[in-house]
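*Asks:* Quick check, what structure comes out for this input:
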Amino acid sequence: MAANTALDQALPPDVRLMNGVAVLLMLGLVLAVLAYGANWLARRPVFAIRAVQIEGDVARNSSATLRANALPRLSGTFLTMNLQQARQAFEAVPWVRQATVQRIWPARLKVTLEEHRPAAYWELKAEGADAQSDAAVERQLVNSFGEVFQANLGDVEDENLPTLSGPTGSAGHMLMLWKQLQPLTEALSDSAERLDLSGRGSWRLKLEKGAEIELGRGSDAEVLARYEQFVRTLTQMTSRYQAPLLAADLRHRDGYALKLRGVTTSGPEAGAKNKSTKTTRN
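*Replies:* So this is what the prediction gives:
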């Protein structure tokens, strides 16, 4: 060993450099051959995927449907398959929110699915449209996480889902506020059927029995406080006039305005079918 070291040191520098380069080239060639061999071996049919095990939520899609829609998008063998791409292939199937893909030796994939659970219909408000406008460019669904997703609306069994309509990116916020408005609305023996949010931040609620409530702008706490006060005092007005609610405007600083069906007054307004009245906040 010492003799070889001494001999190497005795060689001219350029020769030693050439020997080092030769060793590196040989090492690179060996590694390249090994990598090529491993890649060639990994692609052999013996490592082909032979089974796909699907678990989790399959209420919307059968195993056969999932395989038919996702498997054609998969490529590679058990050793070479890109699991990220495989996950995306299953998540591209309608109603699939999330997929986890695992290799199970020797030739099986395990796929665990989470499906969307629809919580509301979604209408994307066209740019520049206000809360009263019906200009919506697309009708989709919102899941329980407040995420908008595309699916066949005819597959939705629950016909009582509310409709949310607002600017891009507001679906999650709107679903959260609707969940707080709905229990308050139940005190009126009614249901919150639709919630609109304008591009300027103004909220509007439509009830199942047809009444439309202008909630106005402000933080969620401010909007909820106005609505809670409205719900608490509304029965006093409807009982007084013995008339159902048609519309309400809560944007007044010192109270709210009501429109009741069939309420008439004497004088110039006599004979009117509907009557607007205003009540102050307590």
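*Asks:* CA only for contacts and neighbour counts going forward, please
*Replies:* Will do.
*Asks:* what ranges do the strands span in the stretch 151-282 of the chain?
*Replies:* Here the stretch 151-282 of the chain has its strands, by DSSP state E, counting those that start in this stretch, at 163-166, 192-197, 203-207, 212-216, 245-249, 255-261, 274-280.
*Asks:* and the fourth one, what does it pack onto?
*Replies:* Under the contact criterion of 3 or more CA pairs under 8 Å, 6 or more residues apart in numbering; DSSP states H and E, strand 212-216 touches strand 203-207, helix 220-241, strand 245-249.
*Asks:* Run through who's touching the longest one.
*Replies:* Residues lying outside helix 220-241 but in contact with it, judged by CA atoms under 8 Å, 6 or more residues apart in numbering, are 177, 180-181, 184-185, 187-188, 215-217, 244-245, 250, 256, 260, 263, 281.
*Asks:* List buried residues within those.
*Replies:* Buried by 16 or more other CA atoms under 10 Å: 177, 181, 184-185, 215-217, 244-245, 250, 256, 260, 263, out of the contacts of helix 220-241.
*Asks:* just these now: which is nearest Gln150?
*Replies:* Taking CA to CA as the measure, Gln150 sits nearest to Leu177 out of the buried ones among the contacts of helix 220-241, at 22.1 Å.
*Asks:* What is the neighbour count of the closest residue to that closest one other than its chain neighbours?
*Replies:* Nearest-residue entry for Leu177: Asp220, 7.0 Å, with adjacent residues in sequence omitted and distances by CA to CA, 6 or more residues apart in numbering. Counted by other CA atoms under 10 Å, the residues lying close to Asp220 total 15.
*Asks:* cool, and Arg50?
*Replies:* The local packing of Arg50 (other CA under 10 Å) involves 12 other residues.
*Asks:* quick one: the helices in this protein?
*Replies:* Using DSSP state H, the helices of the chain run over 2-10, 13-42, 63-70, 83-91, 171-186, 220-241.
*Asks:* List the buried residues in the last one.
*Replies:* So that's helix 220-241. By neighbour count with 16+ other CA under 10 Å, helix 220-241 contains the buried residues Val223, Leu224, Arg226, Tyr227, Glu228, Phe230, Val231, Leu234, Thr235, Met237.
*Asks:* buried set for stretch 242-254?
*Replies:* Ala243, Pro244, Leu245, Leu246, Ala247, Ala248, Asp249, Leu250, Arg251.
*Asks:* same check, this time on stretch 156-174
*Replies:* Residues of stretch 156-174 classed as buried by neighbour count (16+ other CA under 10 Å): Leu161, Pro162, Thr163, Leu164, Ser165, Gly166, Pro167, Ser170, Ala171, Gly172, Met174.
*Asks:* can you tell me which residues contact the first one?
*Replies:* For Leu161, the residues meeting the contact criterion (CA under 8 Å, 6+ apart) are Ala119, Ala120, Tyr121, Glu193.
*Asks:* For those residues, could you give me TSV that also reports pLDDT, distance to Arg73 and neighbour count?
*Replies:* What follows is those, written out as TSV (pLDDT from 0 to 100; distance: CA to CA, whole Å; neighbours: other CA atoms under 10 Å):
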residue	pLDDT	distance to Arg73	neighbour count
Ala119	97	30	19
Ala120	97	31	24
Tyr121	97	30	22
Glu193	97	40	22
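*Asks:* Which ones among the residues you listed lie within strands?
*Replies:* Ala119, Ala120, Tyr121, Glu193 (DSSP state E).
*Asks:* Could you dump those into TSV and include distance to Gln53?
*Replies:* What follows is these, written out as TSV (distance: CA to CA, whole Å):
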residue	distance to Gln53
Ala119	29
Ala120	31
Tyr121	32
Glu193	41
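*Asks:* can I get the strands of the stretch 151-282 of the chain in CSV with distance to Arg97?
*Replies:* Putting the strands of the stretch 151-282 of the chain into CSV (distance: least, CA to CA, whole Å) gives the following:
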stretch, distance to Arg97
strand 163-166, 20
strand 192-197, 24
strand 203-207, 29
strand 212-216, 33
strand 245-249, 38
strand 255-261, 42
strand 274-280, 47
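*Asks:* per-stretch mean pLDDT over those, give me the minimum one.
*Replies:* When the strands of the stretch 151-282 of the chain are ranked by mean pLDDT, strand 274-280 comes last with a mean of 52.
*Asks:* any idea which residue sits dead centre in the chain?
*Replies:* The residue lying closest to the centre of the chain (CA atoms, centre = their mean) is Glu147, at 1.3 Å.
*Asks:* Can you verify my assumption that that residue contacts Ser170?
*Replies:* No - using CA atoms under 8 Å, Glu147 makes no contact with Ser170, being 9.6 Å away.
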